[in-house]
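Colleague: When you get a sec, could you give me coordinates for this:
(chains A and B)
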Amino acid sequence: MRYTPVQPPEGINVIDEHPLKSFFILTVGTIGVLLVVVAVLGLAADYLVKYIPVEYEQNLFSKESVYLMPFATDKSEEGLQTKQYLQNLVDELHAVAGEEYAGHHFQVEIADDYEANAFAVPGGHIVVTKGLFSSIESENGLSMILAHEMAHHYERHPLRSTGRGLVVSLFLLTVLGADGSSFLQGFLGNTASITNLAFSRQQEADSDVFASDLLMKFYGHASGAAEFFQYVESEEGSIGEVPSFLSTHPATEDRISNLIELENQHAGDKKPLPNFLNNYAASASEQEEQ
Amino acid sequence: MEIIVLLILLATGYFFGQRAEKKHFKSIIEREKAHLHFPVVTMRTPPAIAQHELNAELVAGNAVISIDFFKKFVASLKMLFGGRVTQYESLLDRARREALLRMKEQAALKNAFVVMNARVETASISKNSKRRNSVGAIEVLAYGTAISLGKKIQR
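Modeller: Numbers count the residues shown, from 1 in each chain, chains lettered A, B, ... in the order given. Just a heads-up that it's a prediction; the model follows:
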C-alpha cells in the first residue's frame, strides 16, 4: 500500500460565498414573510372582532379586572365629584351618538398621573389622567377628548388592538418558541409592532373625525375641538418629533390644522369648566411640582 | 434602541468573526502543507515491518471553536427556512482540521511515522444547557494510535 501526500482542495466542506449575502437574503426574506403574515392575521382578527357582542366584551373586561387597578379614581370628595361630572358628560354625549351604538356603556376613571393623556380600555372604560384637566380650557375641549375615546369604543378599537396583539403574539410564540428571551424573538417582535402602529394611526384619525362630528351634534358648533392638540403641540415642541411611521398617533400638526379649519367653519360659544374641576386640576399641578 | 444594540452586536460579530476565520483558515492550510507527509489513516491493523518491533500509543487533538453573534443570527434565521447552514459548516471544518493537525503534531513529537485507526468526534458546548438549540461553541476531538519504530528484532 502506498501513501501519496496530496493536499485536498478547498471548497468541498466550506463554500466560498460572501457571508453578508445570505445575511441580507434571510433578513429581508424573514421580514417580508413576517409582515405579510402579521398583516393577514391582523386583518383577520380585526374583521372577526366586530362579531364579539359588546356585553361579552364588558363581562370579559369588567371593572374588577386586575389590569384596571392602576387607573382607579382616588376616593377624595373632589375626585368622586369630578368622576361623576365626567360620567354625566359621557352619558349625555352617548345619548346623541345615534341608535346603532345603543348597546355601549361607559365607565370613566381618573388615573393618578400628571401627564395629560386619555385612553380607551377594553370593556367600555375611559381613563383620563389628572394632568388632562390643566391642558384644556373649556367643557367643549373636554367633550372632544371624551368623544374621541368613545369613538374608539364605538369602533371597537381597544378590543381590535387587543385581539390583533393576541393573535400576532400567539403566532410569534408558535414560530419562535415560548422562551421569550431570544434575540431573534426581540428582533421579529419589533418588526411586528411597527406594522401595528400603522393600524393605530388610522384608528386615531378615524376617531378624530367621529369625535368632532359628535361635538357638532352635541353643542351645535365645533369650538374647542383643537384645544387639547394645541396644548400637546406646545408641549411637544421641546421634546422633538418622532417620525410619523414610528408613532401610534398621527402627527399633531396634521390633526390640528384639520380641526382648526372645522372650528373656524362652525364657531360658537364655549362652555366653561365647572369650578371644582379647575380646583382639582390646580391641586394636581401643585402635586406634580412637589 | 433594541435594534441599535442588535446592529452593534451583529457588526462586532461580523468583524471579529470573519477576521478570526480568515486567519485560522490561512494557518490551517499552511500547517496542513507542512505536515502533508505524515499519514493519518483509518485502518485498524498496522503494517508488518520485519526488522522492528512497533510501539503503539494513543494521540489526541482537541479543538474548541466558538460561534460569533453574526453567524448565530444568520444561522437561526436559516433554521426557519431550512437548507445548508454554511455558517456552522465552516466552523466545523475549522475545528475538525485543527483537531487533526494537533493530533498529528502530537504524534510527530513521539517520533511516530503513522497514526492508525484515526477517529473524529464532535460535541457542542452550549452556553446554557437548559436552552435547546443553542450552540455556544463546538468541540472536535480527533484521536488515533500513533505507531513508532521500536527495538530492532534480533534474529
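
Colleague: ok, and the helix or strand in chain B with the lowest average confidence?
Modeller: Least confident helix or strand of chain B, by mean pLDDT, DSSP states H and E, is helix B:69-81 with a mean of 87.

Colleague: Point out where chain B drops to low pLDDT.
Modeller: B:1-2, B:127-135, B:155 (pLDDT under 70).

Colleague: would you list every one of the helices in it?
Modeller: Using DSSP state H, the helices of chain B run over residues B:2-34, B:69-81, B:86-109.

Colleague: Turn those into a markdown table, including mean neighbour count and distance to chain A.
Modeller: Every C-beta, even on glycine, is put in place using the N, C-alpha and C of the backbone. Formatted as a markdown table, those follow (neighbours: other Cβ atoms under 10 Å in any protein chain shown; distance: least, Cβ to the nearest Cβ, whole Å):
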| stretch | mean neighbour count | distance to chain A |
| --- | --- | --- |
| helix B:2-34 | 14 | 5 |
| helix B:69-81 | 19 | 4 |
| helix B:86-109 | 20 | 4 |
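
Colleague: Count residues in the vicinity of residue 139, would you?
Modeller: Just so you know, I chose chain A. Here the number of neighbours of residue A:139 (other Cβ atoms under 10 Å in any protein chain shown) works out to 19.

Colleague: wrong one, I was asking about chain B
Modeller: 15.

Colleague: Give me the buried positions along the helix or strand hosting residue A:56.
Modeller: Per DSSP states H and E: residue A:56 is located in helix A:54-60. Using 16 or more other Cβ atoms under 10 Å in any protein chain shown as the test for burial, helix A:54-60 gives A:54, A:57-58.

Colleague: okay, the angle between the least confident helix or strand of chain B and helix B:2-34?
Modeller: 100 degrees (axes from the mean of the first three to the mean of the last three Cα atoms, to 10 degrees).

Colleague: Which strands or helices does helix B:69-81 pack on?
Modeller: Counting contacts by 3 or more Cβ pairs under 8 Å, 6 or more residues apart in numbering or on different chains; DSSP states H and E, helix B:69-81 packs against helix A:19-49, helix A:183-219, helix B:2-34, helix B:86-109.

Colleague: Following element in sequence after the longest one, please.
Modeller: It stands for helix A:183-219. helix A:227-236.

Colleague: who's in contact with residue 140?
Modeller: Reading this off chain A. Taking Cβ atoms under 8 Å, 6 or more residues apart in numbering or on different chains as the criterion, residue A:140 is in contact with A:215, A:219, A:223-225, A:227, A:270-271.

Colleague: that's the wrong chain, I meant chain B
Modeller: B:62-63, B:92, B:95-96, B:98-99, B:120-122.

Colleague: Check those against residue A:277 and report the nearest one.
Modeller: residue B:92 (71.2 Å; Cβ to Cβ).

Colleague: How about that closest one: what's its closest non-neighbour residue?
Modeller: residue B:138 (6.3 Å; Cβ to Cβ, 6 or more residues apart in numbering or on different chains).

Colleague: Report how many residues lie close to that neighbour.
Modeller: Around residue B:138 there are 21 residues (other Cβ under 10 Å).

Colleague: surely it meets residue B:62?
Modeller: No. Look at residue B:138 against residue B:62 with Cβ atoms under 8 Å: they stay out of range, at 11.7 Å.

Colleague: will you turn the helices of chain B into CSV that also has distance to residue B:41?
Modeller: CSV is the format used below for the helices of chain B (distance: least, Cβ to Cβ, whole Å):
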stretch, distance to residue B:41
helix B:2-34, 16
helix B:69-81, 33
helix B:86-109, 12
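
Colleague: Specify the stretch among those that is closest to residue B:144.
Modeller: Closest among those, using Cβ to Cβ: helix B:86-109, at 6.4 Å.

Colleague: how much distance is there from that closest one to the middle of the chain?
Modeller: Relative to its chain's centre, helix B:86-109 lies at 3 Å (Cα atoms, centre = their mean, to the nearest Å).

Colleague: swap in stretch A:204-220?
Modeller: For stretch A:204-220, the distance to the chain centre is 18 Å (Cα atoms, centre = their mean).
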